[in-house]
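[1] I need the structure of the sequence given here:
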Amino acid sequence: MDRRVCITGLGPVSCIGSGVDAFWASLLEGRSGLGPVEVFDPAGFASRLAGAVTDVSVRDSVPKSYRKATKVMARDTELAVVAAKLAADDAGLVTRGSDDGDEGFAITPERTGCQIGAGLIAAEADELTRALVTSLDDEGVWDVNKWGTAEGGESGMNNLPPLWMLKYLPNMLACHVTIIHGTEGPSNTILAAESSGLLCLGEGARVIERNDADVSFVGGAESKLNLMGLMRLELLGRLAHTHDATDGAQVVKPYDPDAGGTVLAEGGGIVILEELGHAKARGARVYAEVAGFGASQSDRKAETGLELAIASALRDAGVGPGDIDAIFPTGIGLAGPDAHEAGAFRAVFGDRLAEIPIVSLAPVLGDSMAGQGGLQAAAAALAVHHQTLPARVHTGTPGGGLDAGASDARDASLGCVLVCTTAMGGQNAAAVLKRPG
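    Modelled structure (predicted):
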């Protein structure tokens with residue numbers, strides 16, 4: 001395929017800041033956004049820290065005519081909608097969701113796609129409990145017959161809000177973004193935990209390469225900052241037992257053999273992909289070129305799957321292991337998954353691995369699941385654009401001689417960087433971002 005793909009807009013929404021300027025400034029500073037959970041009482045949990053997004057309002061990111069629809073948006077959808085608006089504005093695009101009087105390049109709807117990763121959206125506790133309390137027996141115990149409708153059931157479930165289901169379908173993230181911005185090209189939703197966003201970046205790139213679109217909104221968003229999200233991840237053994245700690249940056253230790261787990265977060269990363277000739281013709285700023293992409297599914301030997309994805313991305317980009325100047329990985333502070341990830345890096349890069357800076361964002365961003373890959377891609381694109389490595393926060397000791405420890409932000413010659421994700425379900429994604437030339 002001779003159609004080249006580049007990144008022309010970034011829409012990071014995170015606990016360290018939203019929008020390009022705030023996000024990049026925090027990365028350079030090495031400021032962590034992981035602190036005590038405040039949106040609910042986490043006293044009954046062993047993990048009581050999280051990364052919350054506090055500086056955005058979904059109502060400010062949609063046209064006035066669409067504000068009523070925000071009432072049926074789950075938090076995950078809100079994050080995606082805000083991130084998409086930030087990305088479109090950063091790229092200088094004018095869409096159906098632009099503000100009156102905005103100037104820029106008017107998209108062609110049928111040539112604009114949308115691929116947004118999502119996760120298992122947790123229902124809001126107050127909505128569920130309002131229905132659950134109507135399904136208790138005489139002793140105050142929940143009764144499935146009172147909840148259901150079959151065979152004389154008393155239909156407690158009918159006390160859920162009428163449009164309840166529409167809030168929690170994973171494809172609602174892409175659905176609302178496409179409606180708001182009027183994108184009529186190929187659209188897709190991918191659910192693959194931490195790999196969701198980067199898999200969508202690969203899907204969006206392929207759509208443009210095969211000439212089915214010129215522009216695409218791609219990435220992912222998710223919020224685990226709720227009772228059900230926290231409980232699910234804690235039961236899966238993925239979260240650090242933080243108890244009364246107040247600083248998540250002290251807890252999350254990527255590639256440390258003694259790492260105790262990660263910290264949940266919410267976040268979204270949407271980037272604008274564009275065919276390179278199309279971007280140049282309209283005078284767009286190009287952050288980086290998406291030179292190659294690869295994906296795989298891991299079996300029991302998880303590092304083999306990521307190794308295959310990275311090798312595929314390098315081959316697609318026409319570069320070798322010696323051309324990679326930095327790695328932006330998942331590295332979420334779980335000893336097992338991190339060890340598999342490091343094993344894949346050793347298999348691909350061999351002895352040279354010790355010379356390659358590894359920039360894990362987890363100590364500052366936590367694990368935002370479907371939002372992770374898009375945020376990693378945004379950080380990597382900014383690093384390539386500014387020829388600067390962000391600061392690395394790390395209070396542990398990375399094993400295996402990895403260059404992943406604490407460091408200040410610094411200038412760097414970044415011709416090609418690797419962005420890669422591994423996911424809870426074994427899905428892997430890898431992309432090579434190249435300095436535009």
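
[2] who's in contact with A131?
    With contact taken as C-beta atoms under 8 Å, 6 or more residues apart in numbering, A131 is in contact with 147, 156-160. C-beta coordinates here come from the backbone N, C-alpha and C atoms, glycine included.

[3] Go again with 7 Å.
    With contacts defined as C-beta atoms under 7 Å, 6 or more residues apart in numbering, A131 is in contact with 156-157, 159-160.

[4] got it, and N211?
    By C-beta under 7 Å, 6+ apart, the neighbours of N211 are R3.

[5] State the three-state secondary structure for it.
    State at N211, reduced to three classes by DSSP: H, G, I helix; E, B strand; the rest coil: coil.

[6] Check V348 too.
    helix.

[7] my read: it touches A311, true?
    Yes. Using C-beta atoms under 7 Å, V348 makes contact with A311 at a distance of 6.3 Å.

[8] Those two: who's more crowded?
    V348 (25 against 17; other C-beta atoms under 10 Å).

[9] Give me the phi and psi angles of the closest residue to G401 other than its chain neighbours.
    In space, and not counting its chain neighbours, G401 is closest to A354: 4.8 Å by C-beta to C-beta, 6 or more residues apart in numbering. Phi and psi for A354, reported as degrees, to the nearest 10, are phi -60, psi -20.

[10] Could you measure from A354 over to P398?
    Distance of A354 to P398, computed by C-beta to C-beta, to the nearest Å: 11 Å.

[11] out of the two, which sits in the busier spot?
    Shown here are A354 and P398; by other C-beta under 10 Å, P398 has more neighbours (23 against 12).

[12] now the helices for the chain?
    20-29, 75-91, 125-132, 144-147, 164-168, 172-181, 196-209, 227-235, 276-281, 302-317, 335-349, 362-365, 372-386 (DSSP state H).

[13] Enumerate every residue touching T304.
    Neighbour list for T304: S298 [criterion: C-beta under 7 Å, 6+ apart].

[14] now it: how far from A404?
    For T304 relative to A404 (C-beta to C-beta), the value is 21 Å.

[15] Could you check the pLDDT of the residue nearest to G401?
    A354 carries a pLDDT score of 96 in this model.

[16] Show me what A265 is bridged to.
    As for beta bridges, A265 partners with G51 under DSSP bridges.

[17] can you count the residues close to it?
    30.

[18] cool, and A193?
    Other residues near A193 come to 23 when the count uses other C-beta under 10 Å.

[19] and the nearest residue to N226 once chain neighbours are set aside, what is it in contact with?
    Leaving aside its chain neighbours, N226 sits nearest to A122 (4.8 Å; criterion: C-beta to C-beta, 6+ apart). Neighbouring residues of A122 by C-beta under 7 Å, 6+ apart: 226, 228-229.

[20] Could you pull up the contacting residues of I180?
    Contact analysis of I180 by C-beta under 7 Å, 6+ apart lists 62, 66, 81, 96-97.

[21] now I16
    Counting by C-beta under 7 Å, 6+ apart, I16 has contacts 23, 26, 31, 33, 364-365.

[22] State the distance from the closest residue to P337 other than its chain neighbours to D367.
    The shortest distance from P337 to any non-neighbouring residue, by C-beta to C-beta, 6+ apart, is to T422 (6.0 Å). Remark: distance between T422 and D367 (C-beta to C-beta) = 12 Å.

[23] Can you pull the residues that touch both of these two?
    Going by C-beta under 7 Å, 6+ apart, residues that sit against T422 and also against D367 are E194.

[24] quick one: low-confidence ranges for the protein?
    Per-residue confidence for the chain (pLDDT under 70) gives these ranges: 1, 153, 300-303.

[25] Surely A259 and I332 touch.
    No. The pair A259 / I332 is not scored as a contact, 9.0 Å apart, by C-beta under 7 Å.

[26] Mutual contacts of these two, please.
    When C-beta under 7 Å, 6+ apart defines a contact, no residue borders A259 and I332 alike.

[27] before we move on, back to that, contact partners for the residue nearest to P337?
    194-195, 302, 306, 330, 337, 340-341, 428.

[28] Who wins on neighbours among these?
    S195 leads the contacts of T422 on contacts (other C-beta under 10 Å) with 34 neighbours.

[29] How much space separates A409 from D99?
    According to C-beta to C-beta, A409 stands 33 Å off from D99.

[30] ugh, wrong one, I meant L10
    From L10 to D99 the distance is 19 Å (C-beta to C-beta).

[31] Neighbour count for these two, which is higher?
    Neighbours per residue (other C-beta under 10 Å) separate L10 from D99, with L10 holding more: 28 against 11.

[32] Spit out the contact partners of G425.
    G425 makes contacts with 192-193, as judged by C-beta under 7 Å, 6+ apart.

[33] Can you tell me how far it is from L199?
    Separation of G425 from L199 (C-beta to C-beta): 11 Å.

[34] list the residues that contact both of those two?
    Common neighbours of G425 and L199, using C-beta under 7 Å, 6+ apart, are A192.

[35] Could you check how far the spatially closest residue to V20 that is not a sequence neighbour is from F45?
    Excluding the flanking residues, the one nearest V20 by C-beta to C-beta, 6+ apart is L10, at 5.2 Å. Applying C-beta to C-beta, the value for L10 to F45 is 33 Å.

[36] can I see the domain layout of the protein?
    As given by automatic domain parsing, the domain ranges for the chain are 5-121+169-434, 125-166.

[37] deepest of the ones you listed, which one?
    Mean neighbour count (mean count of other C-beta atoms under 10 Å) peaks for domain 5-121+169-434 among the domains of the chain, with a mean of 22.

[38] Let's see the distance spanning that one from one end to the other.
    Domain 5-121+169-434 stretches 10 Å from its first residue to its last (C-alpha to C-alpha, to the nearest Å).

[39] now do stretch 317-334
    Using C-alpha to C-alpha, one end of stretch 317-334 lies 30 Å from the other.

[40] Off-centre distance for that stretch?
    Relative to its chain's centre, stretch 317-334 lies at 17 Å (C-alpha atoms, centre = their mean, to the nearest Å).
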